[in-house]
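>>> Give the three-dimensional model of this entry:
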Amino acid sequence: MEKNAKRLALTLAVIIAAIVALVLISGCNDQSEPLPTEEPAAEGEKTPEPAEPVKVLAHWKLQDNKDYYTGSIDDDTIGFKDLTGNGNDLIAKAAGNGDQLDIFSWDKDISSASYKFGSALKLNNTKALAASVDPYKAAETEYTGGYTSGKYLETVKGAPINSYGFKNGVSIELIFKLSEDLDLDYNRYAGIFSRQGVIEDQNEPPFSIAITEWDASETSKLGTTPTWLQLLIMDDVSRLNTEMDEILIKAGEWHHVLVTLSEMGKVLVYLDGQKLFESWTAFEGIFCSDPNFSWEVGVGRKSGTGHESDSKNENVAEGMIRRLFAGSVAEIKVHDGDITVEESLYATEFVNSK
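As a prediction, this is how the structure comes out:
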């Protein structure tokens, strides 16, 4: 009996030791995730993910603040920093004999009671200035009405935005003012903000927000006559070219324009918070096929084919400069995806929104 009792006790001790060891091993190797604090989604139902804010790809404030620019406006070495830190900086460029002209200045004719920005870059690309240095006569460039000498801005070579395709959609917004000295022969269809690289079959750039024409019954200058906006979105198959005459734009007034292209192909244009245009397209982003092409401020381009009399500026692949913008630009912002007016500069920079 005593031998059996010892044997039973030893067996129980071994069993208890084994159980303790298993508990310890199980605790050390427990890699399971903590239990969810919410009810799991029903079968076949996806758990909604929180919406992420749309990423800002580039942001330029063309204003008289040394935190926003480099160089000097006096000697035309002015450049503007991409405030996102993404490296999409803008630099000054000359067209024709524009290096002989004083094109850039600060526009401070801004009501502080109405807007948060206090200055803007003025681009004085007028026909009168160009004619003072351009050896060509208007008759020799009859198709475009004269001279193509002045200055503009473009993103630096190698800027990330130059090769970005906007597959998630895009929103582009800018704050601008038109000059009374805009000339119908010289400045019409000048781009305010556009993409280089004229598509030959379309004879237009892939993207442009531009001005159009106006009624020049007495003088070719805009003066007090209003004009309207043009939107171009092109690829080598599809074409959207719309001139939006529902709202006319007068010189000397500050405006905000927002163009959005959603991932699904919906295009919306807003002017001063009011919807100006709506359409659906087959576009899958913006046609940025060549990363060597830049984005630019103040230029209208075409192919030179068929208009050799106007090829004073070389007909390069990025497009021959045929229009230059006269007016002021205060701010430009490019978003990776579509935003609403409430998320735009109109809501934050136009204090007394219309």
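
>>> residue ranges of the helices in the protein, please?
For the chain, helices defined by DSSP state H occupy the ranges 2-28, 127-131, 345-349.

>>> Can you tell me which helices and strands the second one packs against?
By that I understand helix 127-131. If contacts are counted by 3 or more CB pairs under 8 Å, 6 or more residues apart in numbering; DSSP states H and E, helix 127-131 sits against no helix or strand. C-beta here means a position set from N, CA and C on the backbone, and glycine is covered the same way.

>>> on that earlier part again, looking at the helices of the chain, which one has the lowest mean pLDDT?
Comparing mean pLDDT across these, the weakest is helix 2-28, with a mean of 45.

>>> Do a quick rundown of the strands in the stretch 151-300 of the chain.
Using DSSP state E, counting those that start in this stretch, the strands assigned to the stretch 151-300 of the chain run over residues 169-178, 191-195, 207-211, 227-234, 239-249, 254-262, 266-271, 274-280, 295-297, 299-302.

>>> Tell me the strands beside the shortest one, with direction?
Based on DSSP bridges, the strands next to strand 295-297 in the sheet, each with its direction, are strand 150-155 (antiparallel), strand 191-195 (antiparallel).

>>> which residues sit against the last one?
Applying CB atoms under 8 Å, 6 or more residues apart in numbering, the external contacts of strand 191-195 come out as 172, 174, 176, 205-211, 232, 286, 288, 293, 295-301, 323, 325, 327, 329, 332.

>>> got the angle between it and strand 254-262?
Angle of strand 191-195 versus strand 254-262, following axes from the mean of the first three to the mean of the last three CA atoms, to 10 degrees, is 30 degrees.

>>> Off-centre distance for strand 191-195?
From the chain centre to the centre of strand 191-195 is a distance of 9 Å (CA atoms, centre = their mean, to the nearest Å).

>>> now the angle from that strand to strand 169-178?
150 degrees.

>>> Give me the mean pLDDT for strand 191-195.
96.

>>> got the CA positions of it in PDB?
Backbone C-alpha positions of strand 191-195 (Å, rounded to 0.1, in the frame of the first residue of the first chain) are rendered in PDB as follows:
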ATOM      1  CA  GLY A 191      -3.600  80.800 -70.300                       C
ATOM      2  CA  ILE A 192      -3.600  81.800 -66.700                       C
ATOM      3  CA  PHE A 193      -2.500  78.400 -65.500                       C
ATOM      4  CA  SER A 194      -1.700  75.600 -67.900                       C
ATOM      5  CA  ARG A 195       0.300  72.500 -68.800                       C
END
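
>>> re the thing from before, would you format the strands paired with strand 295-297 as a markdown table with distance to residue 110 and mean neighbour count included?
Below are the strands paired with strand 295-297 laid out as a markdown table (distance: least, CB to CB, whole Å; neighbours: other CB atoms under 10 Å):
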| stretch | distance to residue 110 | mean neighbour count |
| --- | --- | --- |
| strand 150-155 | 20 | 26 |
| strand 191-195 | 18 | 26 |
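
>>> quick one, which of those strands is nearest to residue 217?
strand 191-195 (25.0 Å; CB to CB).

>>> where does the stretch 201-350 of the chain dip in pLDDT?
Judged by pLDDT under 70, the stretch 201-350 of the chain has its weakly predicted residues at 304-315.

>>> The same query, at a cut-off of 90, please.
Along the stretch 201-350 of the chain, the model assigns pLDDT under 90 to residues 201-204, 215-220, 234-239, 245-248, 263-265, 280-291, 300-323.

>>> With residue 115 as the reference, name the closest of the strands of the stretch 151-300 of the chain.
strand 254-262 (6.3 Å).

>>> Contacts for that closest one, please.
110, 114-115, 166, 169-177, 209, 229, 231, 233, 249, 266-273, 281, 283, 285-286, 330, 337-339, 341, 344-346, 349-350.

>>> related to what we said a few turns ago, export the strands paired with strand 295-297 to a markdown table and tack on distance to residue 316?
Below are the strands paired with strand 295-297 laid out as a markdown table (distance: least, CB to CB, whole Å):
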| stretch | distance to residue 316 |
| --- | --- |
| strand 150-155 | 13 |
| strand 191-195 | 15 |
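
>>> okay, now the closest residue to residue 347 other than its chain neighbours: neighbour count?
Using CB to CB, 6 or more residues apart in numbering and skipping residues adjacent in sequence, the residue nearest residue 347 is residue 341, 6.5 Å away. Using other CB atoms under 10 Å, residue 341 is surrounded by 19 other residues.

>>> any idea how far residue 341 is from residue 249?
Remark: distance between residue 341 and residue 249 (CB to CB, to the nearest Å) = 18 Å.
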